[in-house]
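Chemist: Pasting a predicted model and its sequence here:
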Amino acid sequence: MIIELKIPSPGESITEVELANWFVENGDVVQKDQEIGEVESEKATLPLIAEKAGKVELLAEVGQTLSIGDIACRIDTSVQPTEKKEETKEKETAEKPVEESDKKTPEKAETTTREKEELQTEKKKVNAHVKVTPVARKMMDEEGLSLDDVINGLRKITSSDIQAIKHIWTSDAGNSFTKKETSREEERNSMSQLRKKISQRLVAVKNETAMLTTFNEADLTAVMEIRKKYQEKFVEKHGVKLGFMSFFTKAVTMALQQYPKVNSYLEGDEIVSPAFCDVGIAVQTEKGLMVPIIRNTETLSLADIEQQILDIAGRARKNRISMDELSGGTFTITNGGIFGSMLSTPILNPPQSGILGMHNIIERPVAINGKVEIRPMMYLALSYDHRVIDGKDSVSFLKAVKEFIETPSAMLFGTNDPEGLLLGL
């Protein structure tokens, strides 16, 4: 029986995709539910799954643009997969008695001896370049030590050792560290559908929004102390590490509830302000930047947020994220700090009106109660659409995020002024 594997639909608005990869060769026999390829749309990458086991006939080439419903390949189910040779070999090896596997044939023994001799020859070649002072040589002779004994007993090689030997070798002609010849070669690669769409969206955001960025900084001392104190118990109970992203997601959610304009977006001539918070977490993948959404973060605990981030980020990097999980969202968080960024102006993710940029944590001297102290500090950047969000709301929102991060216990009360709440102010 011949079955046809057709191009699936990534979403309602998408009519064409690009065949990104084949994981099998033409004529291979595949298993049922095996991933045999993947297609890339302007929004996501989707796998091609074999519905039945059989011999595959590839009908499309990598890089080819296909319409939804086109036939990518055919599978002949009359040809069934046989047991792999590697598996058979493993079984045979496992079935052999231990005594048999330990016995060495003359050929194996001869090969082992030859390999040892070659290794010794290589060692001699390397050792021939090792310089030994007369005093050191005399001490080695007295102690009965060989050059190998000394080298093997030395301390761990450090970067300074490598730099020193590199400096020596660069002075010798004909060495591998000599200057390379000048090259004028270039490499050209076609942009993928996803990269094209990202480029279009980035240009559109710059042209179609009144985007501004405001900055602040946060002291992460309290968050770091909480992580250090409770990390082990947290992992033991929830099965996931307590990271920084859950604190920022929770802080952003609290601040969005205080300043709903930042959680709003334009739709025609109307400003839509959702009562819920769907926070997108920007994830860098090989295909480009993806922003999977965590829904209703106002109802989630830190553990829930960490578990969802781990799940969606992992699937996004493997290109196994669904279109529904990439759609929507009322606000986005991006963390350039994991790449070492000190400061940046993040670009909006339309139609959202706000995006928070996190950056790397640097210990810096700051003034605390009139004294200079070294604290772990992070610069925060909020880019926002000035058509929807006024300066007062944007600055106040970012200040609220800063205060929630610096006083995490305030998140329990849903306000950055728990004392005022207690006093009924």
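Modeler: Structure received.
Chemist: just the helices in the stretch 201-350 of the chain please.
Modeler: Here the stretch 201-350 of the chain has its helices, by DSSP state H, counting those that start in this stretch, at 221-238, 244-258, 302-317, 323-326.
Chemist: Save those helices as TSV, and put in mean neighbour count, distance to Ser396 and mean pLDDT too.
Modeler: In this view, the C-beta of every residue, glycine as well, is placed from N, C-alpha and C. Output for those, formatted as TSV (neighbours: other Cβ atoms under 10 Å; distance: least, Cβ to Cβ, whole Å; pLDDT from 0 to 100):
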stretch	mean neighbour count	distance to Ser396	mean pLDDT
helix 221-238	13	21	95
helix 244-258	22	8	96
helix 302-317	18	23	92
helix 323-326	16	30	83
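Chemist: These: which one's closest to Asp28?
Modeler: With respect to Asp28, and counting by Cβ to Cβ, the nearest of these is helix 302-317 at 26.2 Å.
Chemist: How far away from the center of its chain is the closest one?
Modeler: Distance, stretch centre to chain centre, for helix 302-317: 12 Å (Cα atoms, centre = their mean, to the nearest Å).
Chemist: what's it packed up against?
Modeler: When contacts are defined as 3 or more Cβ pairs under 8 Å, 6 or more residues apart in numbering; DSSP states H and E, helix 302-317 packs onto helix 221-238, helix 244-258, strand 279-281, strand 283-285, strand 293-294.
Chemist: For Ile281, see how far away Leu289 is.
Modeler: 11 Å (Cβ to Cβ, to the nearest Å).
Chemist: ah, wrong one, I meant Asp390
Modeler: From Asp390 over to Ile281 the distance is 26 Å, taken as Cβ to Cβ.
Chemist: The two: which is more packed in?
Modeler: Taking other Cβ atoms under 10 Å, Asp390 and Ile281 do not tie; Ile281 has more neighbours (23 against 11).
Chemist: Could you report the distance from that one to Phe331?
Modeler: Distance, Ile281 to Phe331, using Cβ to Cβ: 10 Å.
Chemist: which residues do those two both contact?
Modeler: When Cβ atoms under 8 Å, 6 or more residues apart in numbering defines a contact, no residue borders Ile281 and Phe331 alike.
Chemist: Bridged to Asp219, which residues?
Modeler: Here Asp219 sits in beta bridges with Met377, going by DSSP bridges.
Chemist: So that it lines up with my notes, have the first residue be 108 from now on.
Modeler: I'll keep to 108 as the first residue from here, and by that count the last item is Asp326.
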